[in-house]
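Colleague: fold the stuff below for me.
(2 chains)
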Amino acid sequence: MDTPGEDHPQFDESADAAELPRIKTGNRELDQILGGGFPANSINILMGEPGSGKTILAERMMFANAEEDARPVVFLSTLSEPLEKVVRYLQQFSFYDESLLAGAVIYDSLGEELAEHGPGALIPKLKDVIQTTSPKMIVIDSFKAIHDLTTSMPDMRRMLYEVSGILSAYETTAFLVGEYSEDQIPVFPEFAVADGMVELARRKHGTRDERYLRVLKLRGSSYAEGLHAFRITDDGLDVFPRLVSPRDAVIYQREQSRVPTGIPGFDDLIGGGFWRGSTVVVEGRSGAGKTTFGLQFAINGVLAGEPSLYLNFQENPTQLARAFENLGKGFDSLRERGLHLAYHSAVELQIDSILVGIFRKVNEHNIKRIVIDAVGDLMNATSDMNRLRGYLYALVQHFVVNGVTSILTYETSQETAVDMRFSAIADAVVVLGLEIDEHGSRRTLHIAKARGIAHDLAVRQFQISVDGVTVT
Amino acid sequence: MPQGRSVLVVERDPHVRELQLNFLTRGGFSVDYATDGHAGLALAEALVPDLVVTEILVPKLDGLALCSHLKAGSKTSHVPVLVCSMLAATARAREAGADAFMKKPLAEQRYMDTIRGVFAARQPTT
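Modeller: Numbering: from 1, shown residues only, chains lettered A, B, ... in the order given. Next comes the predicted model:
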């Protein structure tokens, strides 16, 4: 006798899983922003002005989710760009894989049907695509072009009700790509049926354009709010999530060990070294010795077996190699032993990409010491000082959680004046001075602040020689 | 296997209903449908299909109650029931006596595999 529900393994236990399955975007950072990717079987709008990167993002996702011998991903072009043009430009990207075309990735055009029959052509086309190809992902680009063909908002609403019904009934994730603007969100009915909305935008910053993406809505999922910078690259989008303080910042285990700088005469002033994971601001006017101080900290870290990262905005890698050589240390040898460099031209700075680059290197190389020379150059990357302070605060929080000891050099205009803007985020502040009078010049150093350390309070003198800084 | 097999689909949503009718027809089944639980129960008692597929959230009589009625009915107690719902309700479907459960949304392969699995489990083992 049959015992329904017990003898037959026809119960999909995974159906009760609380966690939504996700569609990966092909970009690790964007997946993080989206809480793991777009929730599967959702309807999403990718919006932004022409040239903002919507189509590239959609295509990157298509190829990231295309698998041979599985349900295909389908791209439906409408009336914004001919299909041939879309495919032609697609081939420039590294993620393009010709072997997936016409099988795992299907490009199709809805343009002719729309031109001939109007927006009503979308419904039968969608049904036909679903019935004939069983797609796991559908991209409609541009959906806004279909909107523009409708003669009234009620017509659009009726059509969207149908489209939403069809897409919701079937196990597929849809991306409606369109040149929508933010002011259309409360007006256009497509935004009401969307489960997810991601905006891509460009903003002028000086002589540069900066690209940002923003998640405006993601039903059933948490996501990282705010503007996240991105670049368009050969691999699609390189995304730099907005820096926020780590969620577990309050529960980290504070390291109890000291990190000696290795600078002769200096570590005795701070009881042997800075606390591991602390942030030290080294400030002074131009020529005061900040860079040399930072270089020594990085070099001595490498010599002590701690991978170190030197981040620089002024000197290119060749100039920097010379600076290391001038300190009597073999540059190539240091590189082999764990010295890592990151150079960003001061005129091309984008703060988000710099910070994400730091985190990538920290994770990739298990970095334990970082020198950022100079933090003032980061000001060029943002016009908003509050934003910079917020970034730096979040940055040092990440450092402390990861046990990374950092030195941030900062150029001041007035000697010995501790810059209060950065003092608050620093565990220690070292002020370097250069006094010049009729008797000659002398270099001075004093520790203006060192949290949790019984530090020396005197103004000391130091010299810079081929061996670097020596405190007397 | 499907030749001559009949399936009754109880589903309110026209798009989901249309999908199921297409999948089943293409799979060689004959299909009837109802849009609410009462009509589904009446049709099931009248037609005694080989399988009933029902959503939980249908008007008048919900899919789980429909399943219980079918399993208690003298004419329909042997008819397998597949609960196919937007709700994650595997345990409740099992308690109602369902033979199978699958969660929406639907993809043809998974849907048809589940239906074939129900029939396969009903094959007499000698």
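
Colleague: surely residue A:432 and residue A:288 touch.
Modeller: Yes: look at residue A:432 against residue A:288 with CB atoms under 8 Å: they come within range, at 4.0 Å. For glycine as for every other residue, the C-beta is placed from the backbone atoms N, C-alpha and C.

Colleague: pull up the overlap in contacts between the two.
Modeller: Applying CB atoms under 8 Å, 6 or more residues apart in numbering or on different chains, one finds that residue A:432 and residue A:288 are jointly contacted by residue A:443.

Colleague: for chain B, which helix is longest?
Modeller: Identified as the longest helix of chain B according to DSSP state H is helix B:108-122.

Colleague: looking at this, residue A:281 is in a strand?
Modeller: Yes: the assignment for residue A:281 by DSSP: H, G, I helix; E, B strand; the rest coil puts it in a strand.

Colleague: where does the nearest residue to it once chain neighbours are set aside fall, helix, sheet strand or coil?
Modeller: Spatial nearest neighbour of residue A:281, excluding adjacent residues (CB to CB, 6 or more residues apart in numbering or on different chains): residue A:426 at 4.1 Å. Judged by three-state DSSP, the three-state class of residue A:426 is coil.

Colleague: got it, and residue A:92?
Modeller: coil.

Colleague: and it, what is it in contact with?
Modeller: residue A:234.

Colleague: likewise for the one 3 residues further on?
Modeller: With contacts defined as CB under 8 Å, 6+ apart, the neighbours of residue A:95 are A:26, A:59, A:60, A:63, A:64, A:235, A:236.

Colleague: three-state assignment of it?
Modeller: coil.

Colleague: so what pLDDT did it get?
Modeller: With respect to pLDDT, residue A:95 has a value of 94.

Colleague: quick check: closest non-adjacent residue to it.
Modeller: Among residues not flanking residue A:95 along the chain, residue A:63 sits closest, at 4.6 Å (CB to CB, 6+ apart).

Colleague: who are the contact partners of residue 113?
Modeller: No chain specified, so I'll use chain A. Contacts for residue A:113 were tallied using CB under 8 Å, 6+ apart; they are A:121, A:125.

Colleague: got the phi and psi for it?
Modeller: phi -60, psi -40 (degrees, to the nearest 10).

Colleague: gap between it and residue A:203?
Modeller: 37 Å (CB to CB, to the nearest Å).

Colleague: close to chain A: what parts of chain B are there?
Modeller: With CB under 8 Å from any CB of the partner chain as the criterion, chain B comes near chain A at residues B:13-16, B:18-19, B:22, B:71, B:78, B:80-82, B:88-91, B:93-95, B:97-110, B:114, B:117-118, B:121-122.

Colleague: just the buried ones from these?
Modeller: Listed as buried from these are B:13, B:15-16, B:18-19, B:71, B:80-82, B:89-90, B:93-94, B:97-108, B:114, B:117-118, B:121-122; burial here means 16 or more other CB atoms under 10 Å in any protein chain shown.

Colleague: so which of those residues are in strands?
Modeller: Under the assignment DSSP state E, these contribute B:81, B:82, B:100, B:101, B:102, B:103 to strands.

Colleague: which residues of chain B fall in helices?
Modeller: Under the criterion DSSP H, chain B carries helices at the ranges B:14-26, B:37-47, B:63-72, B:90-95, B:108-122.

Colleague: and chain A, by the same measure?
Modeller: Using DSSP H, helices in chain A cover A:28-33, A:54-65, A:83-90, A:111-117, A:122-133, A:143-149, A:153-169, A:190-193, A:290-303, A:317-326, A:331-337, A:351-365, A:385-401, A:420-423.

Colleague: now do the first one: which elements does it pack against?
Modeller: What it means is helix A:28-33. strand A:208-218, strand A:228-233, strand A:236-240 (3 or more CB pairs under 8 Å, 6 or more residues apart in numbering or on different chains; DSSP states H and E).

Colleague: for chain B, see how far away residue A:231 is.
Modeller: 35 Å (CB to the nearest CB, to the nearest Å).

Colleague: residue A:294 too?
Modeller: In terms of CB to the nearest CB, residue A:294 sits 56 Å off from chain B.

Colleague: residue contacts, that residue?
Modeller: With CB under 8 Å, 6+ apart, residue A:294 has these contacts: A:282, A:310, A:371, A:373, A:407, A:409.

Colleague: could you check the pLDDT of it?
Modeller: Confidence score, pLDDT, at residue A:294: 95.

Colleague: just give the nearest non-adjacent residue to it, would you?
Modeller: residue A:371 (3.9 Å).

Colleague: just residue B:97 next, same as before
Modeller: In space, residue B:97 is closest to residue B:71, 3.9 Å off (CB to CB, 6+ apart).

Colleague: that neighbour touches residue B:81, doesn't it?
Modeller: Yes: applying CB under 8 Å, one finds residue B:71 in contact with residue B:81, separated by 7.2 Å.

Colleague: among the contacts of residue A:294, which lie within strands?
Modeller: Judged by DSSP E, the contacts of residue A:294 include A:282, A:310, A:371, A:373, A:407, A:409 as members of strands.

Colleague: going by neighbour count, list what's buried in stretch A:325-335.
Modeller: Residues of stretch A:325-335 classed as buried by neighbour count (16+ other CB under 10 Å): A:327, A:329, A:331, A:334.

Colleague: pLDDT and distance to residue A:366 for these - can I get that in JSON lines?
Modeller: Output for these, formatted as JSON lines (pLDDT from 0 to 100; distance: CB to CB, whole Å):
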{"residue": "A:327", "pLDDT": "80", "distance to residue A:366": "24"}
{"residue": "A:329", "pLDDT": "74", "distance to residue A:366": "21"}
{"residue": "A:331", "pLDDT": "86", "distance to residue A:366": "21"}
{"residue": "A:334", "pLDDT": "91", "distance to residue A:366": "16"}
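
Colleague: Throw those into CSV and include distance to chain B, thanks.
Modeller: Below are these laid out as CSV (distance: CB to the nearest CB, whole Å):
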residue, distance to chain B
A:327, 64
A:329, 61
A:331, 58
A:334, 56
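
Colleague: redo these as CSV? Include distance to residue A:126.
Modeller: Below are the buried residues of stretch A:325-335 laid out as CSV (distance: CB to CB, whole Å):
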residue, distance to residue A:126
A:327, 67
A:329, 65
A:331, 61
A:334, 60
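
Colleague: would you point out the helix or strand in chain A whose mean pLDDT is lowest?
Modeller: None of the helices or strands of chain A scores lower by mean pLDDT, DSSP states H and E than helix A:420-423, at a mean of 66.

Colleague: among the contacts of residue A:95, the buried ones, what's the PyMOL command?
Modeller: In PyMOL, a selection of the buried entries from these looks like this (16+ other CB under 10 Å):
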select buried, chain A and resi 26+59+60+63+64+236
